[in-house]
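**Student:** Here's my sequence, what's the structure:
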Amino acid sequence: MARSKGKARSEAARERPARRGASRAGGRIGLDVGAQPSNRAPQKYKGEDKGPCRVLRWDIDSLDLSYRGELSDGMLDRLDGLKESAKSDNEAERAVAQISIGNHLFAVAGHGRGRFRYVLTDERFFIQVSKGGTLPLAYAQVSSEYLTSVGVEAAADDLRYVVNSLGRVEGDERVSRVDPCVDLVPSIPVDTWDVRQWVTRARNKACYWTVGDRFSGWRIGIGGAVQSRFYDKVLEVNEESHKTYLFDLWAARGWKEGDPVWRQEFQVGRAALKELGIRSVAQLLGKLGGLWTYLTQDWLRLALLSDVDSNRSRWPDHTFWNVVAGVNWSELPQPTLKRIRPSSFPRDEQIFTIFPGYIASLMAREGITDWSEGLGVAIHEADIFHRRQGRSLAKYVERKAKVKGRLLSTINNRVNDPEDRKRIAQNAEAYRKAKDGE
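**Tutor:** Below you'll find the model as predicted:
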């Protein structure tokens, strides 16, 4: 599944594995409900006077849900038509390959994904849709930004409304993947741990460095039903995900720019969730404490090396790991993100460096050093160029904006379609009633 949060693939592509070890394979899973900067800057550690690390936040970073059911005939026809529009060579026709559901404006892709016939995306959900039957009606990924903004329960309720609009849904949603995580500021070095200190049920371990030989983290259980990632989150934000909203969330908990932040994150897939007795969102929320206990005590722990005892199961936990394992999941943080700006959005540093860079190239070519003159010449020359191509510069830019706005779900290009306006009004009223419990 493609995800803006394709952390596993992006980390592996960016970094080189260093050393690997192996440990025993685990048996069947059991679960009881427990108690609930600069990219290249060196890490700064502040001693152990205040403990081995400080917790900044803990949350669910990724959530995949699936729904059994059957696509309605009317929605099948609509999605088929929109999918064909998305394939068109005509930009104006591609721009209207959109569908409004509730308060969502989804872009409809011109292709399916695997055995799923349709793909719908907006800033909150990535939804794969089938006709139903042997396949789930919908398989959806919830963006980490949206989870941070509204929380797991509200995001799941919103998604359920969207999927209900596609057709007939059978039963509760199924949790197909969940990634619980905790962000910490270490006060001790984290790049000196021995591979043997990771006591785990997983079959493989790997640690990574960047090309510049900066240690960037560990991955354990790669490809398994349960996986662990312990990694330099500041480095990952700056070089991969660009989720800079995290800086503000951390700062609210006392983080200062330049301090290291490391994330311990687990990825738990459907097979493991089934054995853990977690199928629905309600079960997930009720068992988060027990899930974290299983992950940080039974499946994986960081231990202190012992030269006198060869049985690693008896090695005591590292004090750092005691903090990780001690997170209280009965107290999930309240939603704090006010504005959702997905990492797929063009960033200011892209827009406002590329655009002036092209102006500077034109100015250099024409021998111009004054910015105002250069900007005026650029617009004038662009207008002449597009007129020679038989089109208007303004219309060209507006058309491109509509195409990009469809992909980003920021511009509704169907707003003037009479049938769509009627459906939007009906959907909005139904959505309001559903939210209000009417």
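**Student:** Distance check, Asn413 against Arg406.
**Tutor:** Distance of Asn413 to Arg406, given as Cβ to Cβ, to the nearest Å: 6 Å. Quick note: C-beta positions are derived from backbone N, CA and C, even for glycine.
**Student:** Hmm, I typed the wrong one, I wanted Glu257.
**Tutor:** Glu257 is 36 Å from Arg406, by Cβ to Cβ.
**Student:** So which of these two has more stuff around it?
**Tutor:** Neighbours were tallied for Glu257 and for Arg406 using other Cβ atoms under 10 Å; the higher tally belongs to Arg406 (24 against 11).
**Student:** ok, the more buried one to Asn412 distance?
**Tutor:** 9 Å.
**Student:** Same question for Gln267.
**Tutor:** 35 Å.
**Student:** Pop out the phi and psi values for the closest residue to Trp299 other than its chain neighbours.
**Tutor:** Once flanking residues are discounted, Trp299 sits nearest to Arg201: 5.1 Å by Cβ to Cβ, 6 or more residues apart in numbering. Note on Arg201: its backbone torsions stand at phi -80, psi -10 [degrees, to the nearest 10].
**Student:** Now for Arg201, how many residues are close by?
**Tutor:** Quick note: Arg201 (other Cβ under 10 Å) scores 17 neighbours.
**Student:** wait, isn't it in contact with Gln297?
**Tutor:** No - look at Arg201 against Gln297 with Cβ atoms under 8 Å: they stay out of range, at 11.1 Å.
**Student:** Make sure Val119 is indeed in a strand.
**Tutor:** Yes - with DSSP: H, G, I helix; E, B strand; the rest coil as the criterion, Val119 is located in a strand.
**Student:** neighbours around it, how many?
**Tutor:** Val119 has 21 neighbouring residues, counting by other Cβ under 10 Å.
**Student:** Please report how far the nearest residue to it once chain neighbours are set aside lies from Arg124.
**Tutor:** Distances taken as Cβ to Cβ, 6+ apart place Ala109 nearest to Val119, at 3.9 Å, with adjacent residues excluded. Between Ala109 and Arg124 the computed distance is 16 Å (Cβ to Cβ).
**Student:** neighbour count winner among the two?
**Tutor:** Per other Cβ under 10 Å, whichever of Ala109 and Arg124 has more neighbours is Arg124, with 25 against 18.
**Student:** And the more buried one, how far from Phe116?
**Tutor:** For Arg124, the distance to Phe116 equals 19 Å [Cβ to Cβ].
**Student:** per-residue pLDDT, the residue of the chain most remote from its centre?
**Tutor:** Distance to the chain centre peaks in the chain at Gly367, reaching 45.7 Å (criterion: Cα atoms, centre = their mean). Here, the pLDDT recorded for Gly367 equals 94.
**Student:** and the gap between it and Val162?
**Tutor:** For Gly367 relative to Val162 (Cβ to Cβ), the value is 56 Å.
**Student:** Now do the same contact list for Gln98.
**Tutor:** Taking Cβ atoms under 8 Å, 6 or more residues apart in numbering, we find Gln98 in contact with 82, 105-108, 406, 409, 412-414.
**Student:** Quick check: phi and psi at Tyr67.
**Tutor:** phi -140, psi 130.
**Student:** Any idea what it is bridged to?
**Tutor:** Ala138 (DSSP bridges).
**Student:** Can you tell me how far it is from Ala382?
**Tutor:** 48 Å.
**Student:** between these two, which one's more packed in?
**Tutor:** Tyr67 (25 against 15).
**Student:** Could I get the average pLDDT for stretch 270-287?
**Tutor:** 96.
**Student:** Any chance you could give me that stretch in CSV, C-alpha atoms only?
**Tutor:** What follows is stretch 270-287, C-alpha atoms only, in CSV (Å, rounded to 0.1, in the frame of the first residue of the first chain):
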residue,chain,number,x,y,z
ARG,A,270,-3.8,-7.8,10.6
ALA,A,271,-2.5,-11.3,11.4
ALA,A,272,-1.0,-10.2,14.7
LEU,A,273,-4.0,-8.0,15.6
LYS,A,274,-6.3,-11.0,15.0
GLU,A,275,-4.3,-13.1,17.4
LEU,A,276,-4.3,-10.3,19.9
GLY,A,277,-8.2,-10.1,19.8
ILE,A,278,-8.2,-6.7,18.2
ARG,A,279,-10.6,-6.4,15.2
SER,A,280,-12.6,-3.2,15.6
VAL,A,281,-11.6,0.3,16.5
ALA,A,282,-13.5,-0.1,19.8
GLN,A,283,-11.4,-3.1,20.7
LEU,A,284,-8.2,-1.3,19.7
LEU,A,285,-9.0,1.6,21.9
GLY,A,286,-10.0,-0.7,24.8
LYS,A,287,-6.8,-2.7,24.5
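**Student:** Mind listing what's buried along it?
**Tutor:** 270, 272-273, 276-279, 281, 283-285, 287 (16 or more other Cβ atoms under 10 Å).
**Student:** now stretch 196-204
**Tutor:** Residues of stretch 196-204 classed as buried: 197-202, 204 (neighbour count, 16+ other Cβ under 10 Å).
**Student:** Tell me what the closest residue to Val142 other than its chain neighbours is bridged to.
**Tutor:** Distance criterion Cβ to Cβ, 6+ apart; nearest residue to Val142, sequence neighbours excluded, is Leu63 at 4.5 Å. Beta-bridge partners for Leu63, by DSSP bridges, are Val142, Val178.
**Student:** correct me, but Leu63 touches Leu147?
**Tutor:** Yes - Leu63 lies in contact with Leu147 (Cβ under 8 Å); the separation is 6.2 Å.
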